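Student: What follows is a protein structure lacking sequence information:
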C-alpha cells in the first residue's frame, strides 16, 4: 500500500466528522486576519469566496479522501487562479491562502478530539501535495501573463514610436523633474535633451500662464486623474508657443503614482489665428459702435424735429414732404440696425417682427424714394400695385421694405441712361408677389450661381460691397420666402420674390388708414438731462416741455454728478458718450452717492446712439434702469415717462365729458390738446389788448376764448370771457386785469397748468 493510500485510509475513518465540520472549517479559514487581508487587498468578496471557492476546495478534499478525485488537480483552485489572473496575486499570497486552509483543517481536529499524529501527518501530506499542483497552475498562469505582457510591450513600443513621431512627449517624476523628452519637444522649445532631462518642467513655463492653471493641473494628476488643457510655454529664446496637452499619471500597483507623461500638440498657429480673429471682431465692433453713434446722433435731431413739425404744420404739401423725410430717415435708421446686426444675418439669427401695415401707402412711399435717382439717370420708373393686393396685411414691413429697396437700388444703379425699371407688387394665396425688372447690363449664367453669396459681384461693372443681395436673400429666407432670378447679359434682369403674409385682424385696421397721432400726457416731474450735442439738447428741451416737465440741462458727466448731488430730480437722462466722463461712469457715481447718502434710487436712463447689445448690457451693469436709443421715438419716450413718473391730474372728468360730448376719450384728449395749444397765444393777445385798452381787440379775443371754451362747456371760462367781451363792447371801465387773472386761474384749474402769460 502507498503512502497516499495509508493517509487516505486514516482520514476516511473520520470522513463524517470532517463533512459535518465543513462550515466551521471554511469560516475559520477566511476569519484569519492574514487571509482576510489578502482577500480585501484584491477586492474579493469574502462571502462569495466562502460560499463558492472555499466550499468547493473543501468538497474537493472530501472527494479525494473518498477516492473519487485525484490529488493535485483541484478544479476549483484552477478556476480561482484564473479568476485572480488580472489581480496580480503574488506567490507568497497564494502560499498563505493554501497553508491557512490546511491550518483550519488541523484546528478542527483539535476542536473535535481527533488530533493524532497520523491525522496531522495525513492532512499535511494531502495539502502539501495539492499545493505543488496548485503551484504548477500558478506558474502556468504567470507564464501566460508574461506572454501577454510581452505582446503588450511590443504593441506599446509601436504606440510609443507613433506618438513620438507625431506628438510632443515628456515625462516627469512626481516632483516635476523631467525624466524623458522626445525630439519633437526639443525641436519645439529649443533645448537639448541634456538640458531638459534632470531640469524642472518650469524651464519652459511662460510667465503669463496663470497660477490657477497649474493649481488645476496638479489637483487633477495628483488625484490620479487625466488632465487636459492648452498651455502657453516659452522657448529657450523667449518666444512663446502654445501646446494642447494631455497629462496622464503612471501608477505602480504597490507604490501608487510614480511619474507623469505629457502628450501634446503644437497649436500656436491656431491660437494666434484665434487671437487675430478676436482682435478683428473687436475692431469690427468698435467700428460699428462708432459708426452707429456718429450717424444716429444727427439722425436723432432730424427725426425728432420732423416729428415736431409734422404735428404743427397745416400745409398738406409740407406735411407730405415731412412724411417722406420721416419715412426716409426711419428707413435709414433701419438699415443702420441691419448693419449692426450683420453678424446675426450670418448666423441666421434675424428677428422678424410682424405688424399690420397699409400696403399701398407703404409701397407707394417707398417707390417714390427712387423717383429722383431714376429721374437723374433719365430712367423710366414704372410701378404697378395690383388690384388683388390687400389694403392691409400683417408682416415684417421694415424687412420687406429693405428687400424692395435693395432690388430697386440695384436696378436703378445697373440700368443705363434712358433705360426702363419696372416694379410690380401683387398677391396670391396670402403671398406677396414682388417683381423688379430692368433692361440693364444683366448677369452672366456663371455669375448667377454665385450672385446671392456675400462679397460676390456679377462682374467688374458692378460696384459696391457685394453684400446687398446676400442680405436680401437672408431676409427673404427668414420670412419663409423665396427669391429667383432671370437674366441675360446686356438684356436685363428680373428678380421675383415671394413672401408669405398674414391677414390683418379687423380690430387693428381702424387706425391704419391715417397715421394716428397718439395723445400726449403731461407728467409732474423735474428731470436732469446731460447731453453734449446742442441740436439734441434743443430737441430734448422741446420734447420735455410738450410733456409738461421741468428740467435742468448740463453738457457733460461731471456737471451731471454735481447737479445730481445738489438737487432733487425725479429722473436722470444721460447721453452715453460725452466729454470728460461717459454717461455710464456718471450713472455709477450717482448710484454710489445714493448708497452713501441712504437715498432712494432715482430712475436713470441712458440715451445712446450706439444700439449694440453690449452697450445696453453695460448700461444696466452700471445701475441704469432703461436704455433708450437715438433717434428718440416720442411714443417710446411717453412710455418711459409713464413707467417712472407721475401723470398730472387734470381738473376735468374726461370720461363724463366724453359721454356728454358724444366723443371717444382719445378724440376728446386730442381736442383738449388743441385747446391748450391755442389758449396761450389767445390769452397773451387778450392781455396785450387790456394793457393798451384796445376795446375792439379785447372784445374780439374774449369772444374767441369764449367760443373755444363753449365747445367743451367750460362754464367758468365762458362766463369770465363773456364778462370781458360785453364790457369791451360797451367800453365799460370794468377791472379787466382782475378778470384776466381769474380767467387764467379758471383755465389752469381745468388741468392746463402749463398755460402762463409773460
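Tutor: Happy to help now that I have it. This is a predicted model, so every value here is computed, not measured. Numbering: from 1, shown residues only.
Student: Run a quick neighbour tally on the residue nearest to residue 235 when sequence neighbours are not counted.
Tutor: Once flanking residues are discounted, residue 235 sits nearest to residue 190: 4.6 Å by Cβ to Cβ, 6 or more residues apart in numbering. Where you see a C-beta, it was placed from the backbone N, CA and C, and this is true even at glycine. If you count neighbours by other Cβ atoms under 10 Å, residue 190 ends up with 15.
Student: What residues does residue 190 make contact with?
Tutor: 235-237 (Cβ atoms under 8 Å, 6 or more residues apart in numbering).
Student: how close does it get to residue 198?
Tutor: 17 Å (Cβ to Cβ, to the nearest Å).
Student: what's the answer for residue 706, then?
Tutor: Going from residue 706 to residue 198 by Cβ to Cβ gives 109 Å.
Student: So the two - more neighbours on which side?
Tutor: Neighbour count, other Cβ under 10 Å: between residue 706 and residue 198, residue 706 has more, with 19 against 10.
Student: Please list the residues outside the strand or helix carrying that one that contact it.
Tutor: Following DSSP states H and E, one finds residue 706 within helix 695-710. Counting by Cβ under 8 Å, 6+ apart, helix 695-710 makes contact with 675, 678-679, 682-683, 685-686, 688-690, 717-718, 721-722, 724-725, 727-729, 731, 736, 743, all of which sit outside it.
Student: same thing with stretch 267-274?
Tutor: Stretch 267-274 is touched from outside by 230, 240-244, with contacts defined as Cβ under 8 Å, 6+ apart.
Student: between those, which is closest to residue 76?
Tutor: Nearest to residue 76 among those is residue 244, at 51.4 Å by Cβ to Cβ.
Student: What strands line up against the host helix or strand of the closest one, and which way round?
Tutor: Using DSSP H and E, residue 244 sits in strand 240-252. Take DSSP bridges as the rule and strand 240-252 pairs in its sheet with strand 227-234 (antiparallel), strand 256-266 (antiparallel).
Student: mind listing what's buried in that strand?
Tutor: 241-245, 247-249 (16 or more other Cβ atoms under 10 Å).
Student: same thing with stretch 593-602?
Tutor: Going by 16+ other Cβ under 10 Å, stretch 593-602 has these buried residues: 594, 602.
Student: and if you look at stretch 362-376?
Tutor: Applying 16+ other Cβ under 10 Å to stretch 362-376 flags 362-363, 365-367, 369-370, 374 as buried.
Student: The strands paired with strand 240-252 into TSV, with extra columns for mean neighbour count?
Tutor: Listed next are these as TSV, based on neighbours: other Cβ atoms under 10 Å:
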stretch	mean neighbour count
strand 227-234	17
strand 256-266	17
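Student: closest to residue 525 out of the ones you listed?
Tutor: Comparing the strands paired with strand 240-252 by Cβ to Cβ, strand 227-234 comes nearest, at 54.7 Å.
Student: re the thing from before, now the buried members of the contacts of helix 695-710.
Tutor: 675, 679, 682-683, 685-686, 689-690, 717-718, 721-722, 724-725, 727-728, 736, 743.
Student: Mind checking which of those residues are in helices?
Tutor: Secondary structure from DSSP state H places 675, 679, 682-683, 685-686, 689-690, 717-718, 721-722, 724-725, 727-728, 736, 743 of the buried ones among the contacts of helix 695-710 in helices.
Student: Out of the buried residues of strand 240-252, which is nearest to residue 543?
Tutor: Closest to residue 543, out of all of the buried residues of strand 240-252 and judged by Cβ to Cβ, is residue 242, at 54.6 Å.
Student: gap between the closest one and residue 234?
Tutor: 11 Å.
Student: swap in residue 127?
Tutor: As judged by Cβ to Cβ, residue 127 and residue 234 stand 66 Å apart.
Student: try residue 183
Tutor: Separation of residue 183 from residue 234 (Cβ to Cβ) stands at 19 Å.
Student: what's the answer for residue 448, then?
Tutor: When distance is defined by Cβ to Cβ, residue 448 is 54 Å away from residue 234.
Student: Likewise for residue 304?
Tutor: 57 Å.
Student: Report the next helix or strand after the worst-scoring helix or strand of the chain on mean pLDDT in sequence order.
Tutor: Here the helix or strand of the chain ranked lowest by mean pLDDT, DSSP states H and E is helix 342-346, holding a mean of 53. Using DSSP H and E, the next helix or strand after helix 342-346 towards the C-terminus is strand 355-358.
Student: before we move on, the earlier item: turn the buried residues of stretch 362-376 into TSV, columns for secondary structure, distance to residue 389 and pLDDT.
Tutor: Formatted as TSV, the buried residues of stretch 362-376 follow (DSSP: H, G, I helix; E, B strand; the rest coil; distance: Cβ to Cβ, whole Å; pLDDT from 0 to 100):
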residue	secondary structure	distance to residue 389	pLDDT
362	helix	11	87
363	helix	8	88
365	helix	15	79
366	helix	14	84
367	helix	13	84
369	coil	19	75
370	coil	19	81
374	helix	22	82
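Student: what comes into contact with stretch 90-109?
Tutor: Taking Cβ under 8 Å, 6+ apart as the rule, stretch 90-109 contacts 14, 18, 21, 24-26, 28-29, 32, 34-35, 38, 54, 57, 61, 81, 115, 119-120, 123-124, 127-128, 130-131, 134-135, 138.
Student: buried residues in the helix holding residue 706?
Tutor: For helix 695-710, by 16+ other Cβ under 10 Å, it's 695, 697-706, 708-709.
Student: Of those, just say which sits nearest to residue 212.
Tutor: Using Cβ to Cβ, these come closest to residue 212 at residue 708, 75.6 Å.
Student: Distance check, the closest one against residue 677.
Tutor: Residue 708 sits 11 Å away from residue 677, taking Cβ to Cβ as the criterion.
Student: Against which helices or strands is the helix or strand hosting residue 620 packed?
Tutor: In this assignment (DSSP H and E), residue 620 forms part of helix 613-621. The helices and strands touching helix 613-621, judged by 3 or more Cβ pairs under 8 Å, 6 or more residues apart in numbering; DSSP states H and E, are helix 268-312, helix 583-597, strand 604-608, strand 626-629.
Student: Tell me who's in contact with residue 422.
Tutor: Applying Cβ under 8 Å, 6+ apart, the residues contacting residue 422 are 382-384, 435-438.
Student: Bridged to it, which residues?
Tutor: Those that pair with residue 422 in a beta bridge, by DSSP bridges, are residue 382, residue 437.
Student: Determine the number of other residues adjacent to residue 63.
Tutor: Count around residue 63 with other Cβ under 10 Å applied: 13.
Student: And for residue 31?
Tutor: Neighbour tally, residue 31, other Cβ under 10 Å: 12.
Student: From residue 381, how far off is it?
Tutor: Residue 31 sits at a distance of 105 Å from residue 381 (criterion: Cβ to Cβ).
Student: now swap in residue 312 and tell me
Tutor: Distance, residue 312 to residue 381, using Cβ to Cβ: 33 Å.
Student: okay, the two: which has more neighbours?
Tutor: residue 381 (21 against 11).
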